[in-house]
Each structure stands twice: as C-alpha cells, then as structure tokens.
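In: With the sequence up front, the predicted model follows.
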Amino acid sequence: MTEELEDRRSAAQDEVRIYMTEDIISIDSRASVTEAAQTMFDTRQGSVLIEKDGEYIGIVTEGDISQRVIAQIKKPIEVRAESIMSTPVISIESNKLMAAAFLIMEKNGIRHIAVSENEKIIGMLSIRDFSKYYVRKFSKRKK
C-alpha cells in the first residue's frame with residue numbers, strides 16, 4: 001500500500017462520525033432538571049440537548065446539574081432545564097478529525113460536542129468517546 005493511500009485511510013478512521021453516539025437525547029426546554037437527570041440516567045448519557053420549537057437551543061450536562069443546581073442547594077424538580085443549559089450548542093462536522101474535536105472541546109472547556117452534517121445535528125461526541133478512539137488508534141501495531 002502506498003504511503004499516500006495509507007495516510008488517507010488512516011485519516012478516514014480518525015473522523016468524528018466513527019466515534020460519535022448516533023442517538024440524540026433531548027428534552028423540552030420546559031422540562032425540570034429532575035427530568036433531565038432521569039433522562040440521562042435512563043439513557044446512560046452524560047448530557048441531554050434542550051429542544052424548543054423543534055430546534056436544539058442548548059445542552060445540559062451532568063456537570064451543569066452538579067454546579068448550577070446541587071452545589072447551589074436548589075430543588076431540581078423546581079428548576080427548569082432551560083435555566084441551567086449551556087448555549088449555544090457547540091458542534092463539529094462529522095467528517096472532521098477527532099483531534100479537531102478535542103481542540104474545540106478543550107478551547108471551550110466542554111466535555112460534550114454535537115456532531116453535525118449540513119448544519120443538522122446527527123449525533124453527540126463526549127470525552128468518553130475518546131477512549132474508544134485511542135484504543136482503536138493505538139492498540140493496532142503496524143507490521
């Protein structure tokens with residue numbers, strides 16, 4: 001295999017689309033933080049997108065709940081998810097490389113990033129997904 005072909009194949013294996021979670025978990029903006037937490041628990045996800053009028057307007061993460069509700073001794077059932085969400089939803093195109101996603105996440109201090117195609121969110125990538133990426137990338141030794 002030529003070096004150029006190997007480089008292209010390797011780059012394709014580093015695309016965000018391969019490691020993202022395709023299930024988009026969302027709740028209505030009027031939902032309580034308790035509902036957000038229950039949804040994350042039920043789906044085993046660390047974040048949930050906030051939806052209003054058919055659009056994703058923000059994201060709530062486990063960290064948001066911990067820092068903006070629990071640490072401030074608020075009652076999660078009384079707090080609307082919309083009031084603690086992070087906005088705007090930061091995204092990356094699905095054909096971009098994992099390294100680019102990591103840099104965007106680091107720059108913005110986030111652990112979850114939406115994945116999009118043609119400006120439509122098609123999945124999510126979390127810091128946990130980088131484990132799969134690094135295992136796949138570095139566990140195979142070149143002969």
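Out: It's in.
In: contacts, neighbours, all on C-alpha from now
Out: Will do.
In: Next up, the contacts around residue 134.
Out: Residue 134 makes contact with no residue, according to CA atoms under 8 Å, 6 or more residues apart in numbering.
In: mind checking the SS state of it?
Out: Under DSSP: H, G, I helix; E, B strand; the rest coil, residue 134 falls in the helix class.
In: gap between it and residue 91?
Out: 21 Å (CA to CA, to the nearest Å).
In: Quick check: pLDDT value at residue 137.
Out: Note on residue 137: pLDDT of 84.
In: Ignore what I typed, I meant residue 6.
Out: For residue 6, pLDDT reads 46.
In: Residue ranges in this protein under the pLDDT threshold?
Out: 1-10, 140-143 (pLDDT under 70).
In: where do the strands sit along it?
Out: Secondary structure of the chain (DSSP state E): strands at 26-28, 47-52, 55-61, 91-93, 112-117, 120-126.
In: Would you mind pulling the contact partners of the first one?
Out: If I follow you right, that is strand 26-28. 36, 48-52.
In: Within its sheet, name the partner strands of it and how each one runs.
Out: strand 47-52 (parallel) (DSSP bridges).
In: in the strand it pairs with, what's buried?
Out: 47-51 (16 or more other CA atoms under 10 Å).
In: got those residues as TSV, with distance to residue 66 columns?
Out: What follows is the buried residues of strand 47-52, written out as TSV (distance: CA to CA, whole Å):
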residue	distance to residue 66
47	12
48	14
49	17
50	17
51	21
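In: Just the closest of those residues to residue 84, please.
Out: Of all the buried residues of strand 47-52, residue 50 has the smallest distance to residue 84: 10.3 Å, by CA to CA.
In: How much space separates residue 53 from residue 81?
Out: 15 Å.
In: Between these two, point out the one with more neighbours.
Out: Shown here are residue 53 and residue 81; by other CA atoms under 10 Å, residue 81 has more neighbours (29 against 8).
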